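Engineer: starting from these lines, generate the structure:
(one chain, ligands or ions: 1)
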Amino acid sequence: MNKQLWIIANWKSNKNIREALEWIDKVGPELENRLHVKVVVCPAFTDIEEVKKAVLVGNYPLIVGAQDVSPFAEGPYTGEESARILSELVDLAILGHFERRENFGETDQMISEKVQQAKKFNITPLVCVQGKEIKVPEGVNLIAYEPIFAIGSGNPDTPQNAALVAQGLKEQYGEDLEVLYGGSVTSDNSKAFLQQEELSGLLIGKSSLDPEEFVKIVKIAYLI
Ligand code: PGA
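Structural biologist: Predicted coordinates for the structure are as follows:
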């Protein structure tokens with residue numbers, strides 16, 4: 001079949017630099033240059049630079065991403081990471097994750113501004129939507145369907161329902177939209193999601209923290 005797939009690790013607020021580098025040392029050498037699978041790691045901001053260096057030194061086929069981007073340009077915005085600054089290190093950013101909407105008051109408007117900033121500096125925006133009712137900002141081609149009940153719960157959606165949601169989103173926003181699934185993905189259930197024609201990969205939280213588990217999922221994707 002060999003459709004294009006994304007396997008994206010979302011470390012959330014986990015791993016210090018030492019732990020991040022241990023992960024890269026274990027995962028990097030296991031990755032293969034497969035044109036149809038893009039593997040991405042999104043570490044905490046403070047880990048990004050060291051992770052990027054380790055990826056370059058090891059020449060690993062691993063894209064480095066961020067978990068957020070400021071909705072503002074560079075300037076007087078204390079504590080924010082602007083897209084211009086991040087663009088030296090990352091190629092993708094997870095935007096509008098439910099945990100940011102819920103804990104940090106992110107609105108569709110803010111997410112749309114973050115998308116504009118990311119795009120301006122050539123960072124691919126990966127926008128998370130919790131269902132078909134969430135608005136996908138203009139200019140976004142990559143989204144992750146992450147139903148709230150499935151995030152970190154050990155209770156994933158069914159692959160069939162995820163595919164139905166993906167189909168609905170494509171009908172609404174265009175067939176070119178790439179839709180990933182996220183929420184309690186493991187090496188045991190990943191194949192069933194990846195086999196769904198409508199799905200273009202996985203956004204993985206908890207299971208991505210363990211290098212062996214993450215490598216297992218990547219290797220399953222290589223065989224799809
Ligand atoms: P989970 O998280 O895999 O731990 O459910 C996924 C996510 O929130 O991106």
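Engineer: each with direction, which strands does the helix or strand where residue 125 lies pair with?
Structural biologist: Secondary-structure assignment from DSSP states H and E places residue 125 in strand 124-129. Within its sheet, and counting by DSSP bridges, strand 124-129 is paired with strand 92-95 (parallel), strand 142-145 (parallel).
Engineer: list the contacts for whatever residue of the chain ends up closest to the ligand?
Structural biologist: Of the chain, the residue with the smallest distance to the ligand, taken as Cβ to the nearest ligand atom, is residue 205 at 2.3 Å. Placement of C-beta: from N, CA and C, glycine included. Contacts here follow Cβ atoms under 8 Å, 6 or more residues apart in numbering; on that basis residue 205 touches 10, 12, 151-152, 182, 185.
Engineer: which of those residues come close to the ligand?
Structural biologist: Taking Cβ under 6 Å from any ligand atom, the overlap between these and the neighbourhood of the ligand is 10, 151-152, 182, 185.
Engineer: how about the helices in this protein?
Structural biologist: In the chain, the helices defined using DSSP state H lie at 17-27, 45-58, 83-86, 98-104, 108-120, 159-173, 190-194, 206-209, 211-222.
Engineer: where does pLDDT dip in this structure?
Structural biologist: 1-2 (pLDDT under 70).
Engineer: what parts of it come near the ligand?
Structural biologist: Taking Cβ under 6 Å from any ligand atom as the test, the list of the chain residues beside the ligand reads 10, 146, 151-152, 182-185, 203-207.
Engineer: now, of those, which are buried?
Structural biologist: 10, 146, 151, 182-185, 203-207 (16 or more other Cβ atoms under 10 Å).
Engineer: would you list the helices of the chain in JSON lines and tack on distance to residue 72?
Structural biologist: Conversion of those to JSON lines gives the following (distance: least, Cβ to Cβ, whole Å):
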{"stretch": "helix 17-27", "distance to residue 72": "27"}
{"stretch": "helix 45-58", "distance to residue 72": "16"}
{"stretch": "helix 83-86", "distance to residue 72": "9"}
{"stretch": "helix 98-104", "distance to residue 72": "15"}
{"stretch": "helix 108-120", "distance to residue 72": "7"}
{"stretch": "helix 159-173", "distance to residue 72": "26"}
{"stretch": "helix 190-194", "distance to residue 72": "35"}
{"stretch": "helix 206-209", "distance to residue 72": "29"}
{"stretch": "helix 211-222", "distance to residue 72": "33"}
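Engineer: backbone dihedrals for residue 131, please?
Structural biologist: The main-chain torsion angles of residue 131 are listed as degrees, to the nearest 10 and equal phi 180, psi 180.
Engineer: do you know how far it is from residue 98?
Structural biologist: Distance, residue 131 to residue 98, by Cβ to Cβ, to the nearest Å: 10 Å.
Engineer: those two: which is more packed in?
Structural biologist: residue 98 (20 against 12; other Cβ atoms under 10 Å).
Engineer: my read is that that one contacts residue 128, right?
Structural biologist: Yes - taking Cβ atoms under 8 Å as the contact criterion, residue 98 and residue 128 are neighbours in contact, 6.4 Å apart.
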